[in-house]
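1. Let's see this in three dimensions:
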Amino acid sequence: MPLPGESSQLMMAPAERLVELKQLSKQTDMARKAGVMILLYGKDIVRLALIRRTLDGSVHSGQIALPGGEKETIDKDLQATAQRELYEEIGIEEEEYTVIRPLTDIYIPPSNFYVQPYVAYCQATPQFIKQEREVAEILEVPVDQLLNDSCLINTKLTSAYNTIIEVPAFKFYGNIVWGATAMILYELRDLLKEGLKII
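-> Here you go, the predicted model:
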């Protein structure tokens, strides 16, 4: 199944991100590389795992994100990065899940990261073990919520540049998911609506 791509991601892009992307385009040669994993799990009720980052003073401090991080020299590729970070941040072993496919890569101007997302599926509900230094909380969101239009909102938030901006976002049980994470999840949403099979 072809990916919806950037046109899908941009449905959840803040206005300032659209301006930045037009000015910068993808500077993948200069950007740092990262991999993130969308872990879907369960049979009767399929959920996805998100994390809330700790308040560490970084650009994305305290935000809700997907498990993932920067590519290290030990990683053979960005899928290996995403799998390593999935284990380090929430304790999921590679043997517990199957990687289904990559999604469209995305450039994040505030942190200068080129991010490659992947989708994986775990049949059983995993036993999460969060990394206390980087992960404040693990959020479990039913995929039905991702597909529900009532979870799509516009809200005002403080951007990475300390300005108040209005952004499109997902709202899951009071938790606001915006920025690159929302853009990645919107592409997954489109794929699921188009019939992507995960079980």
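
2. State which helix of this protein is the longest.
-> helix 179-193 (DSSP state H).

3. which strands and helices sit next to it?
-> With contacts defined as 3 or more C-beta pairs under 8 Å, 6 or more residues apart in numbering; DSSP states H and E, the packing partners of helix 179-193 are helix 6-9, strand 32-41, strand 106-108, strand 113-122, helix 143-147, strand 164-172. In this view, the C-beta of every residue, glycine as well, is placed from N, C-alpha and C.

4. and with 6 Å instead?
-> Helix 179-193 makes packing contacts with helix 6-9 when contacts are defined by 3 or more C-beta pairs under 6 Å, 6 or more residues apart in numbering; DSSP states H and E.

5. Now the helix it packs on: buried residues?
-> Glu6, Ser8, Gln9 (16 or more other C-beta atoms under 10 Å).

6. Tell me the bridge partners for the nearest residue to Val177 once chain neighbours are set aside.
-> In space, and not counting its chain neighbours, Val177 is closest to Phe170: 4.3 Å by C-beta to C-beta, 6 or more residues apart in numbering. For Phe170, the beta-bridge partners are Leu152, Val177 (DSSP bridges).

7. quick check, nearest of the buried residues of helix 6-9 to Ser150?
-> Ser8 (19.4 Å; C-beta to C-beta).

8. wait, what's in contact with the closest one?
-> For Ser8, the contact set (C-beta atoms under 6 Å, 6 or more residues apart in numbering) comprises Tyr186, Glu187, Asp190.

9. how much space between the last one and Phe113?
-> When C-beta to C-beta, to the nearest Å is the yardstick, Asp190 and Phe113 sit 23 Å from each other.

10. Between these two, which has more neighbouring residues?
-> Neighbours per residue (other C-beta atoms under 10 Å) separate Asp190 from Phe113, with Phe113 holding more: 21 against 17.

11. The more buried one bridge partners, please.
-> Arg32, Ile108.

12. Out of the helices and strands in this structure, which is least certain?
-> helix 15-24 (a mean of 60; mean pLDDT, DSSP states H and E).

13. Check which residues of stretch 117-135 are buried.
-> Applying 16+ other C-beta under 10 Å to stretch 117-135 flags Pro117, Tyr118, Val119, Ala120, Tyr121, Cys122, Pro126, Lys130, Glu134, Val135 as buried.
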